[in-house]
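Participant: I need the structure of the sequence given here:
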Amino acid sequence: MAAAAAEMLQERAEGEALMSREQALGLYSSIDWRSYGRAGLLSSVDVDTIAAAESTPLDYTLKEANLARSYVVSLVKVVGSVREASAQQYALTRLEDVLTAEECGSLEERLSLFAGDDGAFDPSPFMRSLHATGEAYAAKTAASVLATLLSARPEASVEQFVSWLCEQLSSSRSQHSDVRAAVPALTILLRTDRARSAFAQHGGVGYVTKLLRQRDLSSANAQMQYELTFCLWTLSFAIESDQFLANASIEALVDQIAAAPREKVVRVSLAALRNLCAGDVASSTEGVAARMIKCGLPKTLRTLRERPWTDPDLVDDIEALNKILVSNYRELSSFEKYQAEVDGGELDWGLVHSETFWKENAKLAEDRDFALIKRLVTLLKAEDPKVIAVACYDLGEFVRFYPNGKAVLKHIGAKDQVVALIEHPDLDVQKHALQCVSKMLVTNWEFVTKSAPDKK
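Facilitator: Next up is the predicted model:
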C-alpha cells in the first residue's frame, strides 16, 4: 500500500509539476538560511546539514543513517517553522525527493526517517504548512507528502488532514489550485480503510461527485477526471452504496463511461459501479443496478462491448455489469421498465408503449409533479426519429387515460412542440405527432379509431 502511494507521488513529481519542482530546487541559493538560525527557527546544525546535502547527491546523504535522519529532521523543521514561501517550496520538494528515491533503500527505511524518537509520526508541521501557505505548489507538495506518510502509518490520525482536504473541496471560495492540491493527495490517502471511513463521514462522497459533475471538467482536464473517479472507486470498496445513491454518484460514473474521455477513466468508473453492485443492500427497485438502468447504462454497455479493448479487466467489468443489469431489468415492474427507458432516453416500440400499459399506469405518471411526462417531452427533441415517434405516441396515450391530461400537457408546453413535429421530415414522426395532437383535441378517441383504424 505504501509503495503504491509512493509510486503515484513519483508519477506526479515527474509529470505535470516537473518545472515547478525544478524552480523550487533552484531557490536554495536565494534563501538566507542563516537568518533562520539567528531568528531561532533553525539551529546551526540544521543549516549546516541542509547545506551539506545540497552540495552532494541525495543517495549519498541517504546512504548514511544518521546523516539521513538529521537531514529529514532539519527539512521538517523548515516546513513547520519557516513561513517564507521559497523555503517551504524547497524543503517540501526535498522531502518529496526522499520519499520517491527508490534507489536509496526500501520505502520503509525512508519512511522511518520521518518518525520521532518514540517511533511515532507527527503530522503537525505539515498541517501548519497547509494552513499557513497561500502558494499552490507548496500546498500541493505538502498535501502529497503528508498523504504518503499517513497512508503508511496506521497509528497516525487522519482526521485533521481529512478535514483540511474537505475544506478545499467544498468551500465556495476554493480556487482551482486548492482542488489541485487536495485531489492528488486524496488518491494516495484513500488507499487506506481508516481514511475512506473518515472522508465519507465528512461528506467526502458528495464533494468528489460534485466536482466530477462540473461542466468545466472537460476532456482538457482528463487527469483530474481520472483522479476524482479513482477516489470514488477506492471509496466503493468500503462505503455503503446508499451514500453513492444519495449523492448522485451513480449518475456521475455513468456519465464518465458514456463520455469515455480516456480508457483509464472508463476502467475505474466501471470497476466502481461493479463494486457498488456487489455490496448493494437496497431493494431491486431502489438500488444501484436500478439507478444504472435509469441512467441508460445498458445502451452504453452495448456500445462498449463493440470496441476492441486491450485491458482484460475492463472487458470483464463490462460483461459482469451487463449480466447484472439484464438480471435486474427482468425483476422490474412494467412501469419501472418504462421509467428506466424514458430516463435513459432510449424509446423503442414494445409492450410498455401500448394502450393496455397506459390504461393501467397513467395515474402513476403524476409522481414528482409529472417528472416522467416532462422528461418524455424533452425526448421530442431527440436526434433519433423513432424516439420522437414513440414519445408522441406515449404522450397521446397519457392524454387519453389520465384525467385532465390535456391540461397537464398544455401547462408544460408540450402541445406546441408536438404540433411542430407534424412537419418533421420523418413520415413516422409526422403520423404519430398528428395522432397525438388529435388525441389532445378529440374527446372520444375510441370513436375516431373505430372509424379510421390506426395503422401504426
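
Participant: quick one: low-confidence ranges for this structure?
Facilitator: Applying pLDDT under 70 to the chain flags residues 1-20, 133, 171-176, 215-220, 280-286, 443-456.

Participant: next SSE after the lengthiest helix in it?
Facilitator: When the chain is parsed with DSSP state H, its longest helix is helix 312-331. Sequence order places helix 334-344 as the next helix or strand after helix 312-331, per DSSP states H and E.

Participant: tilt between that next one and helix 312-331?
Facilitator: Angle between the axes of helix 334-344 and helix 312-331 is 140 degrees (criterion: axes from the mean of the first three to the mean of the last three C-alpha atoms, to 10 degrees).

Participant: if we can go back for a sec, using PDB, write out every CA atom in the longest helix of the chain.
Facilitator: C-alpha atoms of helix 312-331 as PDB (Å, rounded to 0.1, in the frame of the first residue of the first chain):
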ATOM      1  CA  PRO A 312      -8.900  -7.700 -19.900                       C
ATOM      2  CA  ASP A 313     -10.100  -6.400 -16.600                       C
ATOM      3  CA  LEU A 314     -12.100  -3.700 -18.300                       C
ATOM      4  CA  VAL A 315     -13.700  -6.200 -20.600                       C
ATOM      5  CA  ASP A 316     -14.500  -8.400 -17.600                       C
ATOM      6  CA  ASP A 317     -16.200  -5.500 -15.800                       C
ATOM      7  CA  ILE A 318     -18.300  -4.700 -18.900                       C
ATOM      8  CA  GLU A 319     -19.600  -8.300 -19.200                       C
ATOM      9  CA  ALA A 320     -20.200  -8.500 -15.400                       C
ATOM     10  CA  LEU A 321     -22.200  -5.300 -15.300                       C
ATOM     11  CA  ASN A 322     -24.200  -6.200 -18.400                       C
ATOM     12  CA  LYS A 323     -25.100  -9.500 -16.700                       C
ATOM     13  CA  ILE A 324     -26.200  -7.700 -13.500                       C
ATOM     14  CA  LEU A 325     -28.300  -5.200 -15.400                       C
ATOM     15  CA  VAL A 326     -30.000  -7.800 -17.500                       C
ATOM     16  CA  SER A 327     -30.900  -9.700 -14.400                       C
ATOM     17  CA  ASN A 328     -32.200  -6.700 -12.500                       C
ATOM     18  CA  TYR A 329     -34.200  -5.500 -15.600                       C
ATOM     19  CA  ARG A 330     -36.200  -8.700 -15.500                       C
ATOM     20  CA  GLU A 331     -37.100  -8.000 -11.900                       C
END
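
Participant: centre of the chain to it, how far?
Facilitator: Distance of helix 312-331 from the chain centroid (C-alpha atoms, centre = their mean, to the nearest Å) equals 21 Å.

Participant: report the buried residues of it.
Facilitator: By neighbour count with 16 or more other C-beta atoms under 10 Å, helix 312-331 contains the buried residues Leu314, Val315, Asp317, Ile318, Ala320, Leu321, Asn322, Ile324, Leu325, Asn328, Tyr329. The way it works is simple: take the backbone N, C-alpha and C, and place the C-beta from them, glycine included.

Participant: so what touches it?
Facilitator: Here helix 312-331 makes contact (C-beta atoms under 8 Å, 6 or more residues apart in numbering) with 263, 266-267, 270-271, 273-274, 277, 284, 287, 289-290, 292-293, 297-298, 301, 304-305, 309, 337, 340.

Participant: list buried residues within those.
Facilitator: Counted by 16+ other C-beta under 10 Å, the contacts of helix 312-331 give 266-267, 270-271, 273-274, 277, 287, 289-290, 292-293, 297-298, 301, 304, 309, 337, 340 as buried.

Participant: in three-state terms, label Gln89 for me.
Facilitator: helix (DSSP: H, G, I helix; E, B strand; the rest coil).

Participant: what about it, how many residues close to it?
Facilitator: 24 (other C-beta atoms under 10 Å).

Participant: for it, give me its contacts.
Facilitator: Gln23, Ala24, Leu27, Glu135, Tyr137, Ala138, Thr141.

Participant: now do the contacts for the last one.
Facilitator: It refers to Thr141. Residues near Thr141 by C-beta under 8 Å, 6+ apart: Ala17, Ala24, Gln89, Leu92, Thr93, Glu96.

Participant: pretty sure the last one sits against Ser144.
Facilitator: Yes. Glu96 is within contact range of Ser144, at 6.8 Å (criterion: C-beta atoms under 8 Å).

Participant: can you list the buried residues of helix 312-331 in CSV and add distance to Gln417?
Facilitator: Listed next are the buried residues of helix 312-331 as CSV, based on distance: C-beta to C-beta, whole Å:
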residue, distance to Gln417
Leu314, 40
Val315, 41
Asp317, 39
Ile318, 36
Ala320, 40
Leu321, 35
Asn322, 35
Ile324, 36
Leu325, 31
Asn328, 33
Tyr329, 30
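
Participant: which member of those is positioned nearest Asp242?
Facilitator: Asp242 lies nearest to Asn328 out of the buried residues of helix 312-331, by C-beta to C-beta, at 17.0 Å.

Participant: how near is that closest one to Ser157?
Facilitator: Using C-beta to C-beta, to the nearest Å, Asn328 is found at 40 Å from Ser157.

Participant: okay, now Gly344: neighbour count?
Facilitator: With other C-beta under 10 Å as criterion, Gly344 counts 18.

Participant: what's the nearest residue to it if we skip its chain neighbours?
Facilitator: Nearest residue to Gly344, sequence neighbours excluded (C-beta to C-beta, 6 or more residues apart in numbering): Gly296, at 3.0 Å.

Participant: contact partners for that neighbour?
Facilitator: Contacts of Gly296 by C-beta under 8 Å, 6+ apart are Val254, Ala258, Asp343, Gly344, Gly345, Glu346.

Participant: what is the nearest of those residues to Lys415?
Facilitator: For the contacts of Gly296, the nearest to Lys415 is Gly345 (21.6 Å; C-beta to C-beta).
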